[in-house]
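the following comprises the amino acid sequence and a computationally predicted model.
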Amino acid sequence: MEEPEHRTLADEAARLHTLVGSAQALIENGQSLMEAELAFQKARAGFVLRRAKGILALGALALALLFFVLMALIVGLLLALAPLLGPWGALGAVLAGLLLIAALCVLGVIRRIGTIRKALKGSAKGSNAA
């Protein structure tokens, strides 16, 4: 009768050995998976960074060209209005137009900042009430 108990202990030891081996294999697989995921994310970040540099360069070039287009428009307006209003009148008209556009832009910025402030105050009040 002692023989079956001995076999039971041996079976338990074998099962424990198998369980420990499975756990070790699972840990190793998890580590391999983490290393592969980290390598993938590094490669992906490198790809995005390389693409972002190109996007920024093209965007900067587009903005520079847009600046020159606006300068050409302003000079063209001055030249077109000079015979009608005189050189000083053309300068004043173009200057007034540019100041009006700039003022509208500033008002838009102020309005949007106010909207952001209201939203932040509203969310701060809401978080204090909770």
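Structure's in. What do you need?

my guess is Leu98 contacts Ile74. True?
Yes. With contact defined as CB atoms under 8 Å, Leu98 and Ile74 form a contacting pair (7.4 Å). For the C-beta atoms, the positions are set from N, CA and C on the backbone; glycine is no exception.

let's see the pLDDT reported for Gly108.
On pLDDT, Gly108 comes in at 96.

need the three-state assignment for Leu84.
Classification of Leu84 by DSSP: H, G, I helix; E, B strand; the rest coil places it in helix.

nearest residue to it other than its sequence neighbours?
Ala90 (7.5 Å; CB to CB, 6 or more residues apart in numbering).

and Ala124, what pLDDT?
pLDDT, Ala124: 66.

tell me which element Leu65 falls in.
Per DSSP states H and E, Leu65 falls inside helix 2-129.

please compute how far that helix lies from its chain's middle.
Helix 2-129 sits 1 Å away from the centroid of its parent chain (CA atoms, centre = their mean, to the nearest Å).

I'd like the numbering to begin with 19 instead of 1 from here.
Sounds good: first residue 19 from here, last item helix 20-147.

which helices and strands does it pack with?
The helices and strands touching helix 20-147, judged by 3 or more CB pairs under 8 Å, 6 or more residues apart in numbering; DSSP states H and E, number zero.

any low-confidence regions in the protein?
Within the chain, the segments meeting pLDDT under 70 span 19-25, 142-148.

try 50
Low-confidence segments of the chain (pLDDT under 50): 19-20, 148.

quick one, what contacts the residue lying closest to Val112 once chain neighbours are set aside?
Leaving out its chain neighbours, the residue that sits closest to Val112 by CB to CB, 6+ apart is Leu95, at 5.1 Å. Residues in contact with Leu95 (CB atoms under 8 Å, 6 or more residues apart in numbering) are Ala108, Ala111, Val112, Gly115.
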